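**Q** build me a structure from this.
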Amino acid sequence: MDWLTWQQGAAIAASSATASFGVQRLAISSTQDSSVATKVQSHFIAATKEIAFVSGLYTLWRLARVLPLDQSIGAIDRGRTLQNFQREIFLPSELSLQKFVLEHEWLAQLSNSYYAIAHVPVLLLFLVWLFAFHRSAYPQWRNGLALLTAMCLALRFIRVAPPRFFPELGYIDLSTRYGMSIYGPVGKGVSDQFAAMPSIHVGWAAVVSLGVVAASTSKWRWLALFHVLATIFVVSATGNHWWLDGLVAIALLGIALWADERFIRPRRE
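**A** Numbers count the residues shown, from 1 in each chain. Have a look, this model is predicted:
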């Protein structure tokens, strides 16, 4: 499964920033007084600035991927330690969940597809929806997303192997069985093989679900929680994450939103 490269992300960021700057300069020098034209220009400038910002974050995220971190040194031992710790605090076994979905092949295939496909598109749709219809809430959740991703990238230096690297315990890599892998060979796939802790999948899904609940006033907004719950389900069922990977990601999102509330929001008000 191919994602945009960091070079493509950087190109989008640069072109969006250039377009925003160009229209902004044009608006300053223009003598046109049309309120409609001014409003269109304002929306265009705001949109292109955000596209440049988000694309820039994506570029940094993809650049971090090419760092020589995809090493197995210590990752297997940490994964085993995490599995033992989960057992000591009485968390349910991911293996039981995986065995359940494998008993229902349609559910196993659906879980594998949801893990591979829904991750990024749902997040992008959420950001567009929030920017277009709930602009006042947008900075909080964009900043929360940025800070969460930065913390996840920093923790990538602590290598942790996911459950699928433990076939001796009974785990199966569903992406190998059903295809649509976002990993591939160690060090060559789209995503980091040993960055199980924390789960960016769960963290980004939590941004979407909690962001919709917080920003929307619709009585149907609570249905958005399905996304984060489904993501927690599929990351474990596919053997790509431990339970604690997701729980830590959600905790980091809480820290990110607190940091925005405490340090960033006062500066933009």
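**Q** would you mind giving the secondary structure of the most centrally placed residue in the chain?
**A** In the chain, the centroid-proximal residue (C-alpha atoms, centre = their mean) is Trp204; its distance is 3.4 Å. Three-state assignment for Trp204 (DSSP: H, G, I helix; E, B strand; the rest coil): helix.
**Q** number of nearby residues for the nearest residue to Lys99 once chain neighbours are set aside?
**A** With C-beta to C-beta, 6 or more residues apart in numbering as the criterion, Lys99 has its nearest non-adjacent residue at 7.7 Å, and that residue is Gly170. Placement of C-beta: from N, CA and C, glycine included. A count of neighbours around Gly170, defined by other C-beta atoms under 10 Å, yields 13.
**Q** for Leu95, see how far away Gly170 is.
**A** Going from Gly170 to Leu95 by C-beta to C-beta, to the nearest Å gives 5 Å.
**Q** state the number of residues packed around Arg221.
**A** Here the count is done by other C-beta under 10 Å, and Arg221 has 14 residues near it.
**Q** might you report the residue contacts of it?
**A** The neighbours of Arg221, taking C-beta atoms under 8 Å, 6 or more residues apart in numbering as the test, are Val212, Val213.
**Q** distance of it relative to Asn143?
**A** Taking C-beta to C-beta, one finds Arg221 at 21 Å from Asn143.
**Q** and Gly22, what pLDDT?
**A** In this prediction, Gly22 carries a pLDDT score of 81.
**Q** which ones are touching it?
**A** Applying C-beta under 8 Å, 6+ apart, no residues qualify as near Gly22.
**Q** correct me, but the residue nearest to the centre of the chain touches Leu124?
**A** No - contact between Trp204 and Leu124 fails when scored by C-beta atoms under 8 Å: they sit 10.2 Å apart.
**Q** now for this structure, the helix or strand with the poorest mean pLDDT.
**A** Lowest on mean pLDDT, DSSP states H and E among the helices and strands of the chain sits helix 265-268, with a mean of 73.
**Q** which strands or helices does it pack on?
**A** If you count contacts as 3 or more C-beta pairs under 8 Å, 6 or more residues apart in numbering; DSSP states H and E, helix 265-268 packs onto helix 138-155.
**Q** would you mind giving the domain segments of the protein?
**A** What automatic domain parsing lists as the domains of the chain is 1-66, 72-268.
**Q** distance from the first one to the middle of the chain?
**A** The reference is to domain 1-66. Its chain's average C-alpha position is 21 Å from that of domain 1-66, according to C-alpha atoms, centre = their mean, to the nearest Å.
**Q** now stretch 215-229
**A** How far stretch 215-229 lies from its chain's middle: 18 Å, per C-alpha atoms, centre = their mean.
**Q** and that stretch, what's its mean pLDDT?
**A** 95.
**Q** now swap in stretch 132-152 and tell me
**A** Average pLDDT, stretch 132-152: 92.
**Q** report the buried residues of it.
**A** Of the residues in stretch 132-152, 134, 137-152 count as buried by neighbour count, 16 or more other C-beta atoms under 10 Å.
**Q** quick check: longest helix of this protein.
**A** Criterion DSSP state H: the longest helix present in the chain is helix 35-65.
**Q** what helices and strands are in contact with that one?
**A** Counting by 3+ C-beta pairs under 8 Å, 6+ apart, helix 35-65 packs on helix 6-29, helix 119-133, helix 138-155.
**Q** Thr231 is nearest to which of these?
**A** When the helices and strands packed on helix 35-65 are compared by C-beta to C-beta, helix 119-133 sits nearest Thr231, at 7.9 Å.
**Q** what does that closest one contact?
**A** Applying C-beta under 8 Å, 6+ apart, the contact partners of helix 119-133 are 3, 47, 50, 54, 137-138, 141-142, 145, 201, 204-205, 207-208, 211-212, 215, 227, 231.
**Q** got any ranges where the stretch 1-150 of the chain has weak pLDDT?
**A** 1-3, 27-37, 64-72 (pLDDT under 70).
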